[in-house]
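Colleague: After the sequence you'll find the predicted model.
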Amino acid sequence: MMNDPQQQPFPSVALRTDVAHPARVYDVYLGGKDNFPADREAAQKVSETFPTISTTARANRDFLLRAVKQLAGSGVRQFLDIGTGIPTSPAIHEVAQGIDPHARVVYVDNDPMVLVHARALLTSTTALGRTAYVDADLRHPETILNDPQLWEVLDPALPVALILGAILHFLPDDLQPQAIVKQLLAALPRQSYLVLSHVTADFDSQWNEIERLYNAEFDIPLQVRSADEVAHFFTGLELLPPGLTVVSQWQPEGLGRLPSDASVSCVGGVGRMP
C-alpha cells in the first residue's frame, strides 16, 4: 500500500507484458497494434460489458483533433498534451502544424513504451514548428512545469492549449485532480485554453461496472464522474460553444450521422482562461 499516493508513480507495469496498461488497452480500443495479450484480454472484458467502447475511444480522439483544429485556426499555436498515450495518426502536431506551420507541441507521458514511440514518431512536420516529449507524471504537475524542455519549446508569453484527453478519470478524487488542473492552468499565460474529456456513466450505468473492472481486476485506478462533476474542472473558464457535451456532439458539423450519447459515454469541452 502506498503511504502517499501523490508522491508515488503509477506501478511500473509498462514493460510487463503480462499486466494490462491503460495506454495499451486504449490502443486496443482504437484498433492499434502496440499492445499485448494482457491488454487485449482487458479490452475484451470491457467490450463484453460495454460493446461500443471502440466508439467511445474514436469519438474522444476525433473530439481532441477537432478542438486542436479549431484552436489552431483561431491563432493558438502552442499545445501541451498531457497523457499523450501511444501515438496515432494524425497526431496533435500534425493537425496543428497543418494549419499553422509555426505551431509548437509538447507531449507528456510517463509510460516507457509511449516514450519509445514518441521519440520515433512525434517529431515536427515543419521546419518552422517544434515538438518535444517530456517524461513526467500528471500527478506531479510540478515536474512537468519545471522541465526545461517545456519552456524551451513553448513561449511563456503566448497562450497555450492544455490538452487533458481521457486522462483525468485515471486520477481518483484522493489524488485531487481538480487541484492538479488548477496548478497547471495557473502556470499558463492569460487567454490559454483547457481541452478536456472524461468518461461518464450519465448515459449508461454499465460504466460503473467498467470502473469496477479497472480497479478490481486490472489494478488500474479509474473513477467515472458525472458531467456535473467534470464541469468543475472548467471552473473560472469560459466554455466555447456548445459548452460541455458528449464529445461526438462538440462542433460536429460535417461529421454526418452521429453515434448515440450512450454509445459514447464521454463528455468534453474547451474552456478559455480570462
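Modeller: Now that the structure is in, tell me what you want to look at. What you see is a predicted model, and the numbers here were worked out from it, not measured in a lab.

Colleague: just the strands in the protein please.
Modeller: In the chain, the strands defined using DSSP state E lie at 78-82, 104-109, 130-135, 161-165, 193-199, 238-239, 245-246, 266-272.

Colleague: Buried residues, the last one. List them.
Modeller: It stands for strand 266-272. 266-272 (16 or more other Cβ atoms under 10 Å). From N, CA and C alone the C-beta is placed, and that goes for glycine too.

Colleague: Out of the residues you listed, the closest to S197 would be?
Modeller: The closest of the buried residues of strand 266-272 to S197 turns out to be G268 (Cβ to Cβ; 3.4 Å).

Colleague: from what I can see the closest one touches D62, true?
Modeller: No - the pair G268 / D62 is not scored as a contact, 10.5 Å apart, by Cβ atoms under 8 Å.

Colleague: any common contacting residues for those two?
Modeller: V247 (Cβ atoms under 8 Å, 6 or more residues apart in numbering).

Colleague: Redo the strands of the chain as CSV? Include distance to N215.
Modeller: Listed next are these as CSV, based on distance: least, Cβ to Cβ, whole Å:
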stretch, distance to N215
strand 78-82, 22
strand 104-109, 21
strand 130-135, 26
strand 161-165, 21
strand 193-199, 14
strand 238-239, 30
strand 245-246, 24
strand 266-272, 19
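
Colleague: which one of those strands has the lowest average pLDDT?
Modeller: For the strands of the chain, the weakest mean pLDDT is recorded on strand 130-135, namely a mean of 91.

Colleague: Please compute how far it lies from its chain's middle.
Modeller: 16 Å (Cα atoms, centre = their mean, to the nearest Å).

Colleague: picking that back up, which of the strands of the chain sits closest to R16?
Modeller: The nearest among those, by Cβ to Cβ, is strand 104-109 at 17.1 Å.
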